[in-house]
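> Mind looking at a prediction? Sequence and model below.
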Amino acid sequence: GLLLVEYWSGQFPGIPTNINPFYEQLADDPGGFAIIQLPMNRTSSKRYLFLQTIHQKAIVEGLSARTPVESYQYIRSNPLLLNWFKGASLDCSIRSRQQMISALDELIDDDFRYVIIHHTNSKIPGKYRDYFLEEPFYQDSKLTVFKLADMRRQLPCQDVYERVFDLPSPETPTSILWDQKINLLGYDLHNIDPDSSVLPITVYWQALTEMEKSYVFYFHLVDSETGSLVAQGDLIPRGWSYPTSWWMTGEVIEDAVEIPLENVLPGRYDLHIGWYDQETGIRLPPRSDQIRLLPNDGALLIVIEL
């Protein structure tokens, strides 16, 4: 009797079930495709297995009464599925644009067609919201459904900023290449506001390739006489909101930076610039015919009188 209960995947007599009409619509959808249902967890998957008896489509969490080990291995191997399995919000600085594309392409190649989000009111949970920028394929008070193909065309994090590919006209054009990945096209050095205690500078980056990693750039203000570091700023572009892992080849990124000048005395200072790997701290090697390069893989951008 216990074994029968364990493996029974239909309705128990006397227990009413409310089947969302979308699942009946899904049953009529031709083709042998698969679906992903959120949230992903052991408790929810039991209901998803019952719903499978209605729509007859493959689901990511298996085809048996218990989710097989292979399903969890598949989920953990795909960055998108892993995030959804953990219930993690989208963090664009962790997953690169190329990783997101690869994850979606893998799911589409494996015949996944829809992502179905279950919710208790008319709004999808906030932890899922940033993953989906396109209009839902279907929506009611209990379900919101997206097509993976639409998601592939409208990538998460894609529209944080409007992408620009036209070359800028900086006040000071220059060229510094870091590891054949990032080029500094030039910069605008603005007047210092005595009341703000910051050095404002706008830099114009260009992506030479698509990058898997999120790199950090730095400005170091160094006393020209003593070589002492007096101020610095270590940043991910655009105030930590637009990591290099989401740049596209040829894209130009205008980035306004403010270097803090608290307790910096008037004098002559060297402004150093560079990039490093956020995870390892290893600096990217620069190359330039216009700028003096430093032994520590930095570059002397300009000498400033404060």
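Okay, I see it. Numbering: from 1, shown residues only.

> For the nearest residue to Arg238 once chain neighbours are set aside, give me its contacts.
Closest residue to Arg238 apart from its sequence neighbours, by C-beta to C-beta, 6 or more residues apart in numbering: Asp255 at 5.7 Å. Just so you know, the C-beta spots here come from the backbone N, C-alpha and C atoms, and that holds for glycine as well. Applying C-beta atoms under 8 Å, 6 or more residues apart in numbering, we find Asp255 in contact with 202-205, 237-238.

> Cross those against helices and list the overlap.
Among these, the ones falling in helices (DSSP state H) are 237-238.

> so the residue sitting nearest the centre point of the chain is in which element?
Computing the C-alpha centroid of the chain and ranking residues by C-alpha atoms, centre = their mean puts Cys92 first, at 2.0 Å. Following DSSP states H and E, there is no helix or strand that holds Cys92.

> For it, give its distance to Tyr242.
Distance of Cys92 to Tyr242, computed by C-beta to C-beta, to the nearest Å: 8 Å.

> Also Asn83?
Relative to Tyr242, Asn83 is positioned 20 Å away (C-beta to C-beta).

> which residues does the nearest residue to the residue nearest to the centre of the chain once chain neighbours are set aside contact?
Leaving aside its chain neighbours, Cys92 sits nearest to Cys157 (3.8 Å; criterion: C-beta to C-beta, 6+ apart). Going by C-beta under 8 Å, 6+ apart, Cys157 touches 90, 92, 97, 100, 130, 246.

> Which of the three states applies to Cys157?
When classified by DSSP: H, G, I helix; E, B strand; the rest coil, Cys157 comes out as coil.

> swap in Tyr114?
Under three-state DSSP, the three-state class of Tyr114 is strand.

> Would you mind confirming that it is in contact with Ile35?
Yes - checked against C-beta atoms under 8 Å, the pair Tyr114 and Ile35 is within contact range at 4.7 Å.

> For these two, indicate the residue with more neighbours.
Ile35 (23 against 20; other C-beta atoms under 10 Å).

> how about low-confidence regions in this protein?
Scanning the chain for pLDDT under 70 picks out the ranges 11-17, 62-67, 158-160, 194.

> Show me where it has its helices.
With helices called from DSSP H, the chain shows them at 2-7, 21-27, 42-55, 69-77, 79-86, 97-109, 126-129, 148-153, 237-240.

> Just want the angle from the fifth one to helix 97-109.
By that I understand helix 79-86. Interaxial angle of helix 79-86 relative to helix 97-109 (axes from the mean of the first three to the mean of the last three C-alpha atoms, to 10 degrees): 80 degrees.

> now for helix 79-86, which elements pack on it?
Judged by 3 or more C-beta pairs under 8 Å, 6 or more residues apart in numbering; DSSP states H and E, the packing partners of helix 79-86 are strand 34-38, helix 69-77, helix 97-109.

> Which positions in the longest one come out as buried?
Same thing as helix 97-109. Buried positions in helix 97-109, judged by neighbour count with 16 or more other C-beta atoms under 10 Å: 97, 100, 103-104, 106-108.

> and what of the shortest one?
Along strand 34-38, the positions that meet the burial threshold by neighbour count (16+ other C-beta under 10 Å) are 35-38.

> got the angle for it vs helix 97-109?
Using the same axes, to 10 degrees, strand 34-38 lies at 120 degrees relative to helix 97-109.

> and strand 34-38 with helix 69-77, angle?
Using the same axes, to 10 degrees: strand 34-38 against helix 69-77 is 70 degrees.

> Restricting the selection to alpha carbons, write strand 34-38 to CSV.
Only the C-alpha atoms of strand 34-38 are listed here, as CSV (Å, rounded to 0.1, in the frame of the first residue of the first chain):
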residue,chain,number,x,y,z
ALA,A,34,10.3,20.6,-22.0
ILE,A,35,9.4,23.2,-19.4
ILE,A,36,11.0,24.8,-16.3
GLN,A,37,8.8,25.6,-13.4
LEU,A,38,9.7,28.0,-10.6
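
> so what strands line up beside it?
Applying DSSP bridges, strand 34-38 is found paired with strand 58-59 (parallel), strand 112-118 (parallel).

> what's next to it, contact-wise?
26, 44, 48, 51, 55, 57-61, 81, 84, 107, 110-118, 128, 148.

> Can you turn the buried part of these into a PyMOL selection?
Buried members of the contacts of strand 34-38, defined by 16+ other C-beta under 10 Å, are picked up in PyMOL with:
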select buried, resi 26+48+51+55+57+59+60+61+81+84+107+112+113+114+115+116+117+118+128+148
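
> Provide a list of residues in contact with Asp223.
Neighbour list for Asp223: 229-230, 267-270 [criterion: C-beta under 8 Å, 6+ apart].
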